[in-house]
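S.K.: Provide a 3D model corresponding to the input given below.
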Amino acid sequence: MVTELTGAVQETFESRPTARGFELWGEGRLRRLTVEFGEGWGHPRPAEDVAGVDVDHEAGVVARVRVRSGQRVRLEVSLESVTEDIVAVPAPVLRVEGPREPVSWLAGASGEIVLPAPDGPGMLTQRRGLCAPGEGLGEAVLFEDPALLRPRQLVSAAWTYEAMTGEELEVPVEQTWLPWVRHVPVGDAVEFSVPDGTVTVEEGADLAEAEGEFMVTPRPGLERVGVWGPGGRTEVEVGAFRDVAVLRGELMAGGPRTDVWAYVAVRHMLDSWTSEDLLDAVDRVIGDYQDRPTAWAACTAILAHRLGLPVEREASAAAAAVLARPTRLDGILLALHGLTPVDVAGGGWPIGDFDEVGRSAFTAIGFGRISTDDRPLRGSDVALAKLYAAGLGESERGIRLAAYAQAAENRLLCLLSAAPNPVDVAWLSI
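M.R.: Numbers count the residues shown, from 1 in each chain. Now for the predicted structure:
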């Protein structure tokens, strides 16, 4: 059966029952949507005169999936108990796919799944119900799992899908009630305005409230805040971070003396003051890596030359050895330090297409958007996203992408403030 999106951007979908539930597919921003039912659920039956299915559970629950056309395509999933007993059944799972990796925020009473695409994003928004992250990207568990129903109880979830005009590195703005900045320097507060609700925090967290305004002062790292409204509890991540210069200083105090440690040490001295003992330690590390050159060792040597160490030849030799068989990140790292024959400032790029590097970096950081995805956040991706945005200058696109990158950097700094990682600190120091 055909379903149509009739808004400013139009899309058309086909649908059908599947062995485990319901499937809808198209060729726009939303390529595929499924609702799947697990153990104990029977074989789906097609709904009459509308896209959807009915499914029975052996415990006495009827599930209905309905999809309707409109300016926003609407998906409704309901569970109805037809027994006089309290029953618990496996919750249905919503999965969506687009041209690129989705970015999901599945936080209880609030849920969004963004589908980045070349001509602008698509977005699914939870309008009613509860959701939680599933096992993969773009996967939402609807209701609580298991779903607990009282005798004859009906529960339902509703989501809408819309498509927006734009470009490939553009995502929708976040919900307006969310704090604009949620990851702040240590000692600063995150402000929530919840006039018709309340805010709860983890044990030991600092919370102040006055006339519907809540001030949460996070500890170093990441914390969860519960924002309660008419629809229930929404979980929001907040965090506090120490500046990258402070993190570099902390790494100087211990840890193995590796090429990455030496790079962080040199950056620390260039941005603050030079310690003879620390410079001697860096010199020893550079010597240790002459027989096993790395991109970090080469970059350390070229920076250490600026501090007075006579190691410029070592830098060139290490760079030449690495460039014989470079990884993508090796080539980029060396180019950023002037150790390749490529003129980055003049528009050259050492490995691959610069636009593709930017796309990959912003995808990897989830566009800096609020998210519950289990997506690793790496210093290299943040650094490349910042570099790509900087290359666009003060254009509207450059400013927007710089804001995405800054949000991701602040969140990564929160993670590093709780668990320092020399490689990530090194990339953020470039």
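S.K.: Name all residues that make contact with residue 82.
M.R.: Going by C-beta atoms under 8 Å, 6 or more residues apart in numbering, residue 82 touches 60-62, 152. All C-beta atoms are positioned from the backbone trio N, CA, C, and that covers glycine.
S.K.: Which elements pack onto the longest helix along the chain?
M.R.: Secondary structure of the chain per DSSP state H: the longest helix is helix 396-418. Applying 3 or more C-beta pairs under 8 Å, 6 or more residues apart in numbering; DSSP states H and E, we find helix 396-418 packed against strand 183-185, strand 221-229, strand 232-241, helix 244-252, helix 354-364, helix 379-391, helix 422-428.
S.K.: for residue 425, what are its contacts?
M.R.: Applying C-beta under 8 Å, 6+ apart, the residues near residue 425 are 244, 247-248, 251, 264, 379, 416.
S.K.: Then residue 147?
M.R.: Applying C-beta under 8 Å, 6+ apart to residue 147 gives the contacts 79, 88-91, 155.
S.K.: can you check residue 329 too?
M.R.: With C-beta under 8 Å, 6+ apart, residue 329 has these contacts: 295, 380.
S.K.: Which helix or strand contains it?
M.R.: helix 328-336 (DSSP states H and E).
S.K.: So residue 185 sits against residue 241, correct?
M.R.: Yes: using C-beta atoms under 8 Å, residue 185 is in contact with residue 241, at 6.4 Å.
S.K.: who has more neighbours, the two?
M.R.: Using other C-beta atoms under 10 Å as the criterion, residue 185 and residue 241 rank with residue 241 on top: 26 against 13.
S.K.: any idea how far residue 427 is from the residue nearest to the more buried one when sequence neighbours are not counted?
M.R.: Counting by C-beta to C-beta, 6 or more residues apart in numbering, residue 413 is the residue found nearest to residue 241 once chain neighbours are left out, at 3.5 Å. To residue 427, residue 413 is 12 Å away according to C-beta to C-beta, to the nearest Å.
S.K.: Comparing the two, which residue is more hemmed in?
M.R.: Comparing residue 413 with residue 427 by other C-beta under 10 Å, the one with more neighbours is residue 413, at 25 against 22.
S.K.: give me every residue that touches the more buried one.
M.R.: Contact partners of residue 413, counting by C-beta under 8 Å, 6+ apart, are 183, 241-244, 247, 428.
S.K.: Now the buried members of those residues.
M.R.: Neighbour-count burial (16 or more other C-beta atoms under 10 Å) applied to the contacts of residue 413 gives 183, 241-242, 244, 247, 428.
S.K.: quick check, nearest of these to residue 197?
M.R.: residue 183 (22.2 Å; C-beta to C-beta).
S.K.: Find the nearest non-adjacent residue to the residue positioned nearest the centre of the chain, please.
M.R.: With distances taken as C-alpha atoms, centre = their mean, residue 366 lies nearest the centre of the chain, 3.5 Å away. Spatial nearest neighbour of residue 366, chain neighbours left out: residue 103 (4.7 Å); criterion: C-beta to C-beta, 6+ apart.
S.K.: mind checking pLDDT for that neighbour?
M.R.: Residue 103 is assigned a predicted lDDT (pLDDT) of 98.
S.K.: repeat for residue 8
M.R.: For residue 8, the model assigns a pLDDT of 88.
S.K.: Count the residues that sit near it.
M.R.: If you count neighbours by other C-beta under 10 Å, residue 8 ends up with 11.
S.K.: Then the one 10 residues further on?
M.R.: For residue 18, the neighbour count with other C-beta under 10 Å is 15.
S.K.: Make sure it is actually in contact with residue 32.
M.R.: No: the pair residue 18 / residue 32 is not scored as a contact, 11.2 Å apart, by C-beta under 8 Å.
S.K.: Residue 25 contacts residue 13, doesn't it?
M.R.: Yes: counting by C-beta under 8 Å, residue 25 touches residue 13, with 6.3 Å between them.
S.K.: show me where pLDDT drops low in the stretch 251-400 of the chain?
M.R.: 342-352 (pLDDT under 70).
S.K.: Give the residue farthest from the middle of this protein.
M.R.: Largest separation from the mean C-alpha position in the chain: residue 84, at 43.5 Å (C-alpha atoms, centre = their mean).
S.K.: So residue 285 versus residue 156, what's the distance?
M.R.: Distance from residue 285 to residue 156, by C-beta to C-beta: 62 Å.
S.K.: before we move on, what about residue 357?
M.R.: Residue 357 sits 44 Å away from residue 156, going by C-beta to C-beta.
S.K.: Between these two, point out the one with more neighbours.
M.R.: residue 357 (19 against 15).
S.K.: So that one versus residue 331, what's the distance?
M.R.: Distance of residue 357 to residue 331, computed by C-beta to C-beta: 10 Å.
S.K.: got it, and residue 86?
M.R.: For residue 86, the distance to residue 331 - C-beta to C-beta - is 61 Å.
S.K.: And these two? Which one has more around it.
M.R.: Set residue 86 next to residue 331 and count neighbours by other C-beta under 10 Å: residue 331 wins out with 20 against 11.
S.K.: Please tell me how far the more buried one sits from residue 430.
M.R.: For residue 331, the distance to residue 430 equals 14 Å [C-beta to C-beta].
S.K.: Which pLDDT value goes with the closest residue to residue 87 other than its chain neighbours?
M.R.: Nearest residue to residue 87 in three dimensions, chain neighbours excluded: residue 59, at 4.5 Å (C-beta to C-beta, 6+ apart). For residue 59, the pLDDT comes out at 95.
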